[in-house]
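Engineer: with the sequence up front, the predicted model follows.
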Amino acid sequence: MNLRRHLCFFLALAAARHADASDIPALWAERVKSTVAVEFYVETETDRRPALSFGTVIDSNGTIILPSAAVDPRVSPDQLKDFKVHRAGETSSVPGQYLGQDNLTGWHFVRVDPKQLTGLVPITVFAAKDGAPSPAPALAEEVWGIGLRNKDEDFTPYIMMSRIGLIQSLPQRSAIALHEVAAPGLPVFNQEGMFLGLATSSFGQSYMQFSRPDRGATPVVLVNVEESSVFPLAEEVLPYFGRIPKSVSGRPLAWLGAYGLEPIDPEVAQFMKLESQGAVVISEVLEGSPAEKAGLKDHDIIVALDGQPLPRFKPGSVVVGYVDRELAKRLPGDLLAVSVLRGTDRREIKVVLGDEPKLIRETSRKYFDRLGLTVREFVYGDGVALRVKSGESTGVVAHFVKANSPVAIAGLHADDWIKEIDGVEVKTFDLAVQKLAAIEADRDRGEFVILASRGGETAVLRVKLK
């Protein structure tokens, strides 16, 4: 860190400590420097789509966090191109680097060279200092946050204000304001200008519209994606600013292999004397998983992790998110003590967490323009979804099907499981690519056949190329 960056950091800190609490414009002028607009492109098989998200600067190295909704989970990191970072209120930009997504928080991390984009102020400057606990807002307390307009309005920042209506664990302790208080991913402050938390993506507000009675009564839900009324508190987000991914894939990822966790039914909880704590039921223990190797069974009821009883949440379904977060905090190779009820017996089972099997966003893919098809590897998660044992998980998945293409006209859909091509079982991704490449290159070829499965039903699709 050079001298200039040190100086900017401490000047901002001094301004944060000495600003008049009643002087919101002065507080605003400094805190808006912690916000940026991030543009990038998503390159698909058929186009190059622009994308935009707003982010918060978290350190003096130019590291920025974007909300989880900034990137479609089906998009692979290599499809994300040309990141550009703008200061609030400016159309000029500098290049940014995508660092990856954190599995625990869902944040996407981007970094910009602070020498190129001067004047940025880390949000930590406005947080509690010297080990003091981060402030939690009180009910009815007035808070304010930052929003940014879109590119055609030069990312102009604007202020929003509201009052706290509720503080709840979801499972993070989060404040719910009476109305929108900041754009998703941007900070919220109290009247003294202290950082209170980050607005989450499109949570807690939606608008219901019903069609005319003579045309049915199906509701249409419109969700506000530009502003939010809910923000996890600073105490919940500050500890995780250091979770900068080591790779764009977000690895390492811990894996337990207990599938389909469900909150225990209230009547069952009462019968089992679990009213004062949370508990989750394992629907299925996955084949070959750390959970199976350790001895966990289908329908075991998890009541504690590492000796700590699961907290009781309202609503009870939140406990599933709590367990997921606790697992995401750990690393492959960590030893996790899982306390379960199996019938009337309580058992303590020690699980060595594994490395998460390859995710869809990490799969190899290949696009065939003439056919109108992208195929990808068949991964462990596909087998789980399709109820297929690991030894039977051959073939490839149709990741993308171009509209009105030969394969689309033949009836192939995205996410169909392709088992055979021209009567040959495609046991591997490489074999499927080899077969499809040969078909695409043969301009005299008039048709070919695909054996594909969807929803447990298998069909033979005749694809006409002429």
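Structural biologist: Right, received. Where do you want to start? Residues are numbered from 1 along each chain as shown.

Engineer: let me see the ranges of the helices in the chain.
Structural biologist: Using DSSP state H, the helices of the chain run over residues 3-18, 24-31, 234-237, 266-271, 290-294, 318-328, 380-386, 406-410, 429-441.

Engineer: minimum distance to Ile301: which of the ones you listed has it?
Structural biologist: helix 266-271 (8.5 Å; Cβ to Cβ). Using the backbone N, CA and C atoms, a C-beta is placed for each residue, glycine as well.

Engineer: and that closest one, which residues are buried?
Structural biologist: Buried residues in helix 266-271, defined by neighbour count with 16 or more other Cβ atoms under 10 Å: Ala269.

Engineer: could I get the CA-only coordinates of it as PDB?
Structural biologist: Only the C-alpha atoms of helix 266-271 are listed here, as PDB (Å, rounded to 0.1, in the frame of the first residue of the first chain):
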ATOM      1  CA  PRO A 266     -43.800 -29.000  14.900                       C
ATOM      2  CA  GLU A 267     -45.900 -31.800  16.200                       C
ATOM      3  CA  VAL A 268     -43.000 -34.300  15.800                       C
ATOM      4  CA  ALA A 269     -40.700 -31.700  17.500                       C
ATOM      5  CA  GLN A 270     -43.200 -31.500  20.400                       C
ATOM      6  CA  PHE A 271     -43.400 -35.300  20.700                       C
END
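
Engineer: what's the least confident stretch among the helices of the chain?
Structural biologist: Among the helices of the chain, helix 3-18 has the lowest mean pLDDT, at a mean of 47.

Engineer: returning to what we had before: so of the helices of the chain, which one's packed in deepest?
Structural biologist: helix 234-237 (a mean of 22; mean count of other Cβ atoms under 10 Å).

Engineer: C-alpha coordinates for that one, PDB please?
Structural biologist: Taking Å, rounded to 0.1, in the frame of the first residue of the first chain, the C-alpha atoms of helix 234-237 are listed here in PDB:
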ATOM      1  CA  ALA A 234     -22.900  -5.300   9.900                       C
ATOM      2  CA  GLU A 235     -22.100  -8.000  12.500                       C
ATOM      3  CA  GLU A 236     -23.100 -10.600  10.000                       C
ATOM      4  CA  VAL A 237     -21.300  -9.300   6.900                       C
END
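
Engineer: which elements pack onto that helix?
Structural biologist: strand 173-177, strand 195-198 (3 or more Cβ pairs under 8 Å, 6 or more residues apart in numbering; DSSP states H and E).

Engineer: which residues sit against that helix?
Structural biologist: Residues outside helix 234-237 that contact it (Cβ atoms under 8 Å, 6 or more residues apart in numbering) are 105, 127-128, 133-136, 172-174, 195-198.

Engineer: how about 6 Å then?
Structural biologist: Ala127, Ser134, Gln172, Arg173, Phe195, Leu196, Gly197, Leu198 (Cβ atoms under 6 Å, 6 or more residues apart in numbering).

Engineer: what about Arg342, neighbour count?
Structural biologist: 14 (other Cβ atoms under 10 Å).

Engineer: hang on, the earlier thing: out of the helices of the chain, the one nearest Thr458 is which?
Structural biologist: Across these, closest to Thr458 is helix 380-386 (Cβ to Cβ), at 11.4 Å.

Engineer: CA atoms only for that closest one - export them in CSV, please.
Structural biologist: Extracted in CSV, the C-alpha atoms of helix 380-386 (Å, rounded to 0.1, in the frame of the first residue of the first chain):
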residue,chain,number,x,y,z
TYR,A,380,-22.8,-35.8,-9.8
GLY,A,381,-25.5,-33.3,-9.2
ASP,A,382,-27.3,-34.4,-12.4
GLY,A,383,-27.3,-38.0,-11.1
VAL,A,384,-28.8,-36.8,-7.9
ALA,A,385,-31.6,-34.9,-9.6
LEU,A,386,-32.3,-37.7,-12.0
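
Engineer: what about that helix, distance to the chain center?
Structural biologist: Put simply, helix 380-386 sits 20 Å off its chain's centre (Cα atoms, centre = their mean, to the nearest Å).
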